[in-house]
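Undergrad: One predicted model, sequence on top.
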Amino acid sequence: MLNGIEKSKMKNTYKNKVKFSSRYIYQSVYVNPVLGDEACMFTEANLIDIDNNDYLLLKSLSFITDEDLELLLPIVQPTSYMGSLTRPNMVKQIFREYLNKSSSLHGLQWWHISDFLCSRGYAIPYMGLSVEKQIEYGWIKISATTETRNVQN
């Protein structure tokens with residue numbers, strides 16, 4: 001929900017779950033409860049066979065690490081009003097605020113940032129679908145730790 005208005009009417013369907021989940025491919029975030037609670041590598045095979053009980057174990061954006069913020073700053077600085085902000089704590093505060101209200105980041109600016117955040121295993125809104133709705137749909141759970149692993153090229 002953004003400013004009190006749900007921006008998406010995205011339904012909880014298999015097709016939508018697969019489209020959403022594909023953003024997190026090649027990261028150790030996939031959980032199949034039949035096999036246990038441990039997150040494993042999310043691959044094309046998982047994407048094809050994902051079922052209603054499977055979910056992604058993601059990190060809360062409110063716990064973004066200083067390391068990830070340092071990597072994020074060069075993406076944010078040249079493309080947004082945050083260009084003058086070089087202290088990670090200031091950027092961290094802006095992202096916390098983004099979770100609760102509209103942001104002036106949009107279009108290509110937000111695309112670069114959201115792509116980075118997904119590559120690091122963070123839960124973020126998708127096509128107007130809030131993180132809370134993703135949890136309600138059973139597509140994700142929020143990790144109690146900040147640890148997720150990703151595969152580097």
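TA: On my side now, so go ahead.
Undergrad: immediately after the lengthiest strand in the chain, which helix or strand?
TA: Determined from DSSP state E, the single longest strand within the chain is strand 55-60. Heading C-terminal from strand 55-60, the first helix or strand you meet, by DSSP states H and E, is helix 66-76.
Undergrad: got the buried residues for that next one?
TA: 68, 69, 72, 73, 76 (16 or more other CB atoms under 10 Å). Heads up, the C-betas are built off the backbone N, CA and C, glycines and all.
Undergrad: And stretch 117-134, by the same measure?
TA: Per 16+ other CB under 10 Å, stretch 117-134 contains these buried residues: 117-126, 129-131, 133-134.
Undergrad: burial measure for residue 56, as a count.
TA: 25 (other CB atoms under 10 Å).
Undergrad: So it versus residue 108, what's the distance?
TA: 25 Å (CB to CB, to the nearest Å).
Undergrad: Neighbours of residue 14, how many?
TA: 10.
Undergrad: gap between it and residue 24?
TA: Note on residue 14: its distance to residue 24, by CB to CB, is 17 Å.
Undergrad: Check residue 131 too.
TA: Distance from residue 131 to residue 24, by CB to CB: 13 Å.
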